[in-house]
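**Student:** Have a look at this fold, sequence not included:
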């Protein structure tokens with residue numbers, strides 16, 4: 001069954017094939033206060049959160065003005081965090097990665113890539129799920145993980161990447 005959705009003030013209405021009420025009737029019944037409208041779905045409020053911009057020198061927010069290849073080819077281990085502001089797991093993982101980088105004493109650097117603002121970089125790296133973290137060592141991709149892992153697993157991942 002195919003459905004189209006229309007946003008009407010506090011409710012979402014579905015137009016389903018074979019529905020006895022037409023969409024204008026549904027809208028009119030909401031405006032008149034009639035409560036038995038077929039297939040109402042209450043709207044949930046989604047708020048976009050933004051990451052706090054870190055002032056740490058080892059954390060870089062990627063934008064078009066920076067060269068991605070140049071950032072990742074520098075000496076040492078670079079973690080590239082592909083994220084979006086609306087992504088719940090990204091909101092959990094981002095601060096934990098920042099904390100890990102801040103405590104690494106310059107041995108690990110973090111490059112944060114917002115996939116909504118930089119879709120070409122995400123496409124180039126075949127990012128299909130976020131959060132995705134790629135590790136680059138001396139310009140070579142040496143590993144990655146997808147999802148918000150526990151702190152212990154993230155630390156193990158970083159230690160393994162440093163030892164390569």
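**Tutor:** Nice, I can see it. Small disclaimer: the values here were computed from a predicted structure and weren't measured.
**Student:** Not counting the longest helix along the chain itself, show me its contacts.
**Tutor:** For the chain, the helix with the greatest residue count under DSSP state H is helix 88-102. For helix 88-102, the external contacting residues (Cβ atoms under 8 Å, 6 or more residues apart in numbering) are 49, 51-52, 54, 56, 58-59, 79, 81, 83-84, 108-110, 112, 130-131, 133, 147-149, 151, 154-155, 158. Using the backbone N, CA and C atoms, a C-beta is placed for each residue, glycine as well.
**Student:** And for residue 90, nearest residue in space, chain neighbours not counted?
**Tutor:** Nearest residue to residue 90, sequence neighbours excluded (Cβ to Cβ, 6 or more residues apart in numbering): residue 83, at 3.8 Å.
**Student:** And the pLDDT at that neighbour?
**Tutor:** Predicted confidence (pLDDT) for residue 83: 94.
**Student:** again with residue 12
**Tutor:** 44.
**Student:** Name every sheet partner of the helix or strand following the longest helix of the chain and say whether each one runs parallel or antiparallel.
**Tutor:** For helix 88-102, the following helix or strand on the C-terminal side (DSSP states H and E) is strand 108-114. Looking at strand 108-114 with DSSP bridges, its partner strands are strand 59-61 (parallel), strand 77-83 (parallel).
**Student:** what about this structure, any weak spots by pLDDT?
**Tutor:** 1-54, 65 (pLDDT under 70).
**Student:** Buried residues, the longest helix of the chain. List them.
**Tutor:** Of all the residues in helix 88-102, those buried under the rule 16 or more other Cβ atoms under 10 Å are 90, 91, 93, 94, 97, 98, 100, 101.
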